[in-house]
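Novice: sequence? don't have it. structure:
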């Protein structure tokens, strides 16, 4: 498909204006992935004014968009390009990618300049830049047939000031290409230039023209499989009223207690975060045996925590970490230097959460209490870009339901829904960052919650290994830090495909169960049920039922009822060891496609 288009332009015989890509540059451009070629075919079959492409982070949206831009320039459909991105760093990243295929974009264009130089075919802008002078950009759009590329278009919801500005500035555009790699928010704010269709319930949902999700991308080896390492532990803190409280991280607590325990875990003065950073560094060392330049990233809540985490990493590794802060004018340069170096660790305050491309990142620590699906998907997206087949990604996170549920749902697709009844919209607690504030979070030093010294004081934290989450299933029965069980999972090879990881995790799970049986004391009297073991089995069953519910969309109660029907026995609370293990085995078979 691509060659025939290039040949058609060659036959046209027309010379290209200055700053336009030439055919030699196209000829040496990287080969398109199957999904990119298919999306281009679909675009030119529709020949639309507006086109929304949804592709998982790391799949190559930039390459697709720039190849499309080159085609439209060659056809003389458009004569100017305007790329709109969320951050200053991404402007330069777009300009660099465009230059590699011969498209000259100016990322340094300022509103005060009025026009770009003749040696450029267009500009790269931020959403904030457009919002500050929408009429200027409307005049520029009207002055020449323009293709507008809206990167991470979810920033354009009408509830934001950017929405109205985008509509004002780019309504006259000849073509508009909208891109996103993360789920849209579910609310009533319509995103400009996105089509919506009404379903049977009267709810209008966004309609993508082409979608390429994480599941298909994983199958095509376009992205890496992600192993989530969840860590729990005992937390202790003091409330504003002076009351001392304690809880195990993420274990059956109320929302408020979970939030306080979570923030206590992230406190750099405690033991939880240094322990998890040390475990993540051990994992990085293992990955580097097969991927020598593998790097790691900590996503921190604020500047103070980021600097403290960097100091901890220096004590752990013996070398300094790259610290990227949102008010640092050298932030983009630091990211670029880290990208091309072999340094082990980078610490950032969320500004490396969206679109920034550091392909060698293979290990991450999610050290923020932000828990929205949008932010989580963007953060995990920093680690999934595949460079060669078999590379894996490992993300360490607190074992709290808000995050483990998101980890188990990575392969689920989400639509942007309009007109959803207020009662059905999931409302985040006030201490969690709203998706609509994400751009501000990338520009400002702001905590992801309202828990400060004024409302609570972290006193003590201890970490323990909880479990591994992969492909919607959960593995592991917990264990002490540095123990044999944790080391089994930290030592997973860095070069494995998704099927090999699944098989290895199931084998390690079976080995752990056998070890526990062999070390269990032999009863000397009448057989007495081991209540601790029964509790562990019930918890494990509950976690796996939750994971299957996330994958299949089936309510928990329906799953439990089906397991009882197939396996026999009483409800979970009355089930014995054999009955619980039979149900766990049945669930494992479902995860691997067996009945």
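Specialist: Yep, it's here. For clarity, every value in this text was computed on a predicted model and none was experimentally measured.

Novice: what sits up against the host helix or strand of residue 396?
Specialist: Using DSSP states H and E, the element containing residue 396 is strand 393-398. Residues outside strand 393-398 that contact it (Cβ atoms under 8 Å, 6 or more residues apart in numbering): 224-232, 249-250, 262, 265-266, 276, 279-280, 283, 287, 361-366, 380, 383-384, 403-404, 407, 492. Every residue, glycine included, has its C-beta placed from N, CA and C.

Novice: so the helix or strand following that strand versus strand 393-398, what angle?
Specialist: Counting by DSSP H and E, the next helix or strand C-terminal to strand 393-398 is helix 401-408. Relative orientation of helix 401-408 and strand 393-398, computed by axes from the mean of the first three to the mean of the last three Cα atoms, to 10 degrees: 160 degrees.

Novice: quick one: low-confidence parts of the stretch 351-500 of the chain?
Specialist: Low-confidence segments of the stretch 351-500 of the chain, defined by pLDDT under 70: 351-356, 410-455, 477-480.

Novice: ranges for the strands of it?
Specialist: When assigned using DSSP state E, counting those that start in this stretch, the strands of the stretch 351-500 of the chain occupy the ranges 361-367, 393-398, 417-418, 456-461, 464-470, 473-475.

Novice: and what of the stretch 51-200 of the chain?
Specialist: 80-85, 105-106, 122-126, 146-150, 175-180, 196-198.

Novice: contacts for the fifth one?
Specialist: Looking back up the chat, that one is strand 175-180. With Cβ under 8 Å, 6+ apart, strand 175-180 has contacts from 48-55, 61, 65, 68, 72, 77-78, 146-154, 170, 191, 193-194.

Novice: Make CSV out of the strands of the stretch 351-500 of the chain and add distance to residue 342 and mean neighbour count.
Specialist: Output for the strands of the stretch 351-500 of the chain, formatted as CSV (distance: least, Cβ to Cβ, whole Å; neighbours: other Cβ atoms under 10 Å):
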stretch, distance to residue 342, mean neighbour count
strand 361-367, 12, 26
strand 393-398, 18, 26
strand 417-418, 44, 19
strand 456-461, 32, 19
strand 464-470, 27, 25
strand 473-475, 31, 24
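
Novice: Using TSV, lay out these together with distance to residue 109.
Specialist: Compiled in TSV, those are given as follows (distance: least, Cβ to Cβ, whole Å):
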stretch	distance to residue 109
strand 361-367	30
strand 393-398	35
strand 417-418	34
strand 456-461	45
strand 464-470	44
strand 473-475	48
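
Novice: mind checking the end-to-end distance for stretch 115-128?
Specialist: The first and last residues of stretch 115-128 sit 18 Å apart, counting by Cα to Cα, to the nearest Å.

Novice: Can you list the buried residues in it?
Specialist: Buried residues in stretch 115-128, counting neighbours by 16 or more other Cβ atoms under 10 Å, are found at 116, 120-128.

Novice: same deal with stretch 246-264?
Specialist: For stretch 246-264, by 16+ other Cβ under 10 Å, it's 247-251, 253, 257-264.

Novice: quick one: which two of those are the most distant?
Specialist: Greatest spacing in the buried residues of stretch 246-264, by Cβ to Cβ: 251 and 263 (16.0 Å).

Novice: out of the contacts of strand 175-180, which are buried?
Specialist: Looks like those have 50-55, 61, 65, 68, 72, 78, 146-154, 170, 191, 193-194 buried, using 16+ other Cβ under 10 Å.

Novice: picking that back up, show me the two of the buried residues of stretch 115-128 that sit farthest apart.
Specialist: 121 and 128 (23.0 Å).
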